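Engineer: Sequence isn't available, so here's the structure alone:
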DNA sequence: CTCCCCTGTCAGACTTGCCTGACAGGGGGT
DNA sequence: ACCCCCTGTCAGGCAAGTCTGACAGGGGAG
């Protein structure tokens, strides 16, 4: 999935997911080291529910993947790791992506 | 300014500016052709004030540049054109950008 | 039992972004 | 005078994102 030209909507989702200082820090931390949620919350010094929200967005965008590991004793810990990706961003890529946006053309048909 | 590694904050601003279907379409249209605002509003079929807002964001992010051209007769028209750029987006770039975010470190000093 | 650590989810407050209609003003044609 | 086209800005409504404290529950160690 790395290096592929994303559709317009996918691009928007990806950029939206990345356009946040918190999520950038989360991604950076998770790319360096596979940790579990609570530990990550301590490292980054942010509320756990907040971290949860951001993690969900990152996961929805396919940038991180979570794995709930249940130890033999029954205690569970959720590990999170970054998913490698690559996107080249320039005017051409944008012009290309803008062509296939849901409801892009001047005559956008209503669908709702 | 193309190809340079942006600081964390700049990256966030850039991504935020691009994470919008409207702005993507605007950029694409403006990259293809140097037009003026009202004409662009007609092409993209969006309210002029709305277009203005998005143009301001794009301009603030340095993605487009506007030029108010006043004809000899006094009538003025604002031309807008895209500013070329290139950003390689991957985990390394993000890890790098996350290092220099205002108030990044675990011990974020209060400043407000 | 009590204390600690973990996961998940919630309602509510707050902030930000998005979008619209309306306005003021400059200038040109008929 | 009237109508048309352009630029620029505004208040106000609406939707979405952000953040917090609190809760329920599972499990382990003293």
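Structural biologist: That came in fine, so what should we check first? Bear in mind the structure is a predicted one, so any value in this text is a computation, not a measurement.
Engineer: use CA for all of it now, contacts and neighbours both
Structural biologist: OK.
Engineer: now residue A:76: how far from chain B?
Structural biologist: Per Cα to the nearest Cα, to the nearest Å, residue A:76 is found 26 Å from chain B.
Engineer: quick one: low-confidence parts of chain A?
Structural biologist: Low-confidence segments of chain A (pLDDT under 70): A:1-4, A:104-112.
Engineer: which parts of it sit against chain B?
Structural biologist: Counting by Cα under 8 Å from any Cα of the partner chain, the residues of chain A close to chain B are A:8-9, A:11-16, A:18-21, A:24-25, A:27-29, A:31, A:43-45, A:84-91, A:94-98, A:101, A:104, A:106.
Engineer: Which members of the residues you listed are classed as buried?
Structural biologist: For the residues of chain A next to chain B, a burial check counting by 16 or more other Cα atoms under 10 Å in any protein chain shown picks out A:8-9, A:11-16, A:18-21, A:24-25, A:27-29, A:31, A:44, A:86-88, A:90-91, A:94-98, A:101, A:104.
Engineer: Out of those residues, which sit inside helices?
Structural biologist: The members of those that map onto helices under DSSP state H are A:8-9, A:11-16, A:18, A:21, A:24-25, A:27-29, A:31, A:44, A:91, A:94-98.
Engineer: Of these, which are in range of DNA strand C?
Structural biologist: When Cα under 7 Å from any atom of the strand is applied, no member of these is adjacent to DNA strand C.
Engineer: where's residue A:97 relative to residue A:12, distance?
Structural biologist: Per Cα to Cα, to the nearest Å, residue A:97 is found 9 Å from residue A:12.
Engineer: now residue A:34
Structural biologist: Where residue A:12 is concerned, residue A:34 sits at a distance of 27 Å (Cα to Cα).
Engineer: do residue A:84 as well
Structural biologist: Distance, residue A:84 to residue A:12, by Cα to Cα: 18 Å.
Engineer: for residue A:39, same thing?
Structural biologist: To residue A:12, residue A:39 is 30 Å away according to Cα to Cα.
Engineer: Among the buried ones among the residues of chain A next to chain B, which ones lie close to DNA strand D?
Structural biologist: Contacts with DNA strand D within these, as defined by Cα under 7 Å from any atom of the strand: residue A:20.
Engineer: phi, psi of the residue nearest in space to the middle of chain A?
Structural biologist: Centroid-nearest residue in chain A: residue A:58, 2.5 Å away (criterion: Cα atoms, centre = their mean). The phi/psi pair for residue A:58 (degrees, to the nearest 10) reads phi -60, psi -40.
Engineer: so it sits right up against residue A:23, yeah?
Structural biologist: Yes - proximity of residue A:58 to residue A:23 meets the contact threshold set by Cα atoms under 8 Å, at 7.3 Å.
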